[in-house]
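Novice: generate a structure from the sequence data that follows.
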Amino acid sequence: MSRHKTEAAGRRLLRRVRRQRLKYITILPSLVTILNGVCGFTAIIFAGKGAELSAKADAAGSQMHFLTFGPTTYFALAGYMILLAMIADMLDGRLARKVKSTSSFGGQLDSLCDVVSFGVAPALLMLKVMEDHLSLIDGSFLHRSVWLAAAAYMSCAAIRLARFNVENEEDESAHMSFIGLPSPGAAGALASLVILHEETLRANAILYMLPFVALGISILMVSRIRYPHLLNQYLRGKKPFDYLIRVLLLLAFVWWNIQVALVVIFCGFAAISFAKWLYFRILVPHLPARWGLRPVGDGYLVAAAPPDPSVMMTDQGQTDPEAGRL
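Specialist: The predicted structure follows:
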């Protein structure tokens, strides 16, 4: 009897799954999302190729470079592929909302590709760069520490994306901010530091910073700190004229030195919201009450109502209307 019940339950489950079978998808947004994943996968390949060529170059006593957009290394190219994946990730959702074809399938596909491009690829790139330039010995304390930092980053990126899927709202007006550092911003911080080291400033200090930066942004990704949606808040719709001046100055900075600009943009984005949270949630509550300031919401300050000079407190804590008169 229990066997027949089990079979019947299995058939009901199968019918329910069949009713939920996907029949139609939007092609163009899905292709852009897959481009995001392909860029992340290519970054992983380039990171491994860079380590392989570097090992051969060390054995031959020479330096081998991969030439693209001028002389650069496979590691730097992997960083640029992560940035390209970021552009694809920015376009796919906007394109889907433009053609009014957002769906749960698109959201799940986007998160899966994001895990590859902004979770696995930056973690592996950091690990390979440090193994190559610092000649880490397998099993050493430093090698294990770097591996743990990379694993922590990848895990927090996956948790961040899963939480976003659960808490996400399809309404565009709700996408003015993020809870926790977005995974593309975290990946951009690591990729920009690698690009800076490979193309501009070959200093071991940058390499030793990478595990600490990875751990810091891992915590920020799973935190509840609110980060602004830059496109929706500062570029979408009509804005004051000074916004245009700011964007032009930023583009000029990128044109002047793209490697330094990328580090300033991504690391600054990760740090500024954390600094605001630290100020409004940690420092402001300890300000003297006589300043008339108090924290509200996500960090706004309002002045307390000024005391009525006509009503003064006596030493016994009672109000005395006559004490405030001249």
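Novice: from now on I want contacts and neighbour counts done on CA atoms only, so please keep to that.
Specialist: OK.
Novice: in the stretch 101-250 of the chain, which spans are strands?
Specialist: Remark: strands assigned in the stretch 101-250 of the chain by DSSP state E, counting those that start in this stretch are 177-179, 226-228.
Novice: least confident of these, on average?
Specialist: Among the strands of the stretch 101-250 of the chain, strand 177-179 has the lowest mean pLDDT, at a mean of 81.
Novice: quick check: which helices or strands does that one pack against?
Specialist: strand 226-228 (3 or more Cα pairs under 8 Å, 6 or more residues apart in numbering; DSSP states H and E).
Novice: and the contacts of the strand it packs on?
Specialist: Residues outside strand 226-228 that contact it (Cα atoms under 8 Å, 6 or more residues apart in numbering): Met176, Ser177, Phe178, Ile179, Gly180, Leu181, Pro182, Ser273, Asp298.
Novice: those residues, buried ones only, as a ChimeraX selection?
Specialist: To isolate the buried ones among the contacts of strand 226-228 in ChimeraX, judged by 16 or more other Cα atoms under 10 Å, type:
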select :177,178,179,180,181,182,273
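Novice: turn the contacts of strand 226-228 into TSV, columns for distance to Cys267.
Specialist: Output for these, formatted as TSV (distance: Cα to Cα, whole Å):
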residue	distance to Cys267
Met176	20
Ser177	18
Phe178	17
Ile179	17
Gly180	15
Leu181	11
Pro182	12
Ser273	11
Asp298	21
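Novice: list just the nearest of the contacts of strand 226-228 to Leu244.
Specialist: Met176 (19.4 Å; Cα to Cα).
Novice: and that closest one, what's its pLDDT?
Specialist: On the pLDDT scale, Met176 is placed at 71.
Novice: isn't it right up against His229?
Specialist: Yes - using Cα atoms under 8 Å, Met176 is in contact with His229, at 5.1 Å.
Novice: closest to Leu31 among the contacts of strand 226-228?
Specialist: Pro182 (21.9 Å).
Novice: export the strands of the stretch 101-250 of the chain to a markdown table and append columns for distance to Gly268.
Specialist: Shown next, in a markdown table, are these (distance: least, Cα to Cα, whole Å):
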| stretch | distance to Gly268 |
| --- | --- |
| strand 177-179 | 16 |
| strand 226-228 | 12 |
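Novice: appreciated, that's everything.
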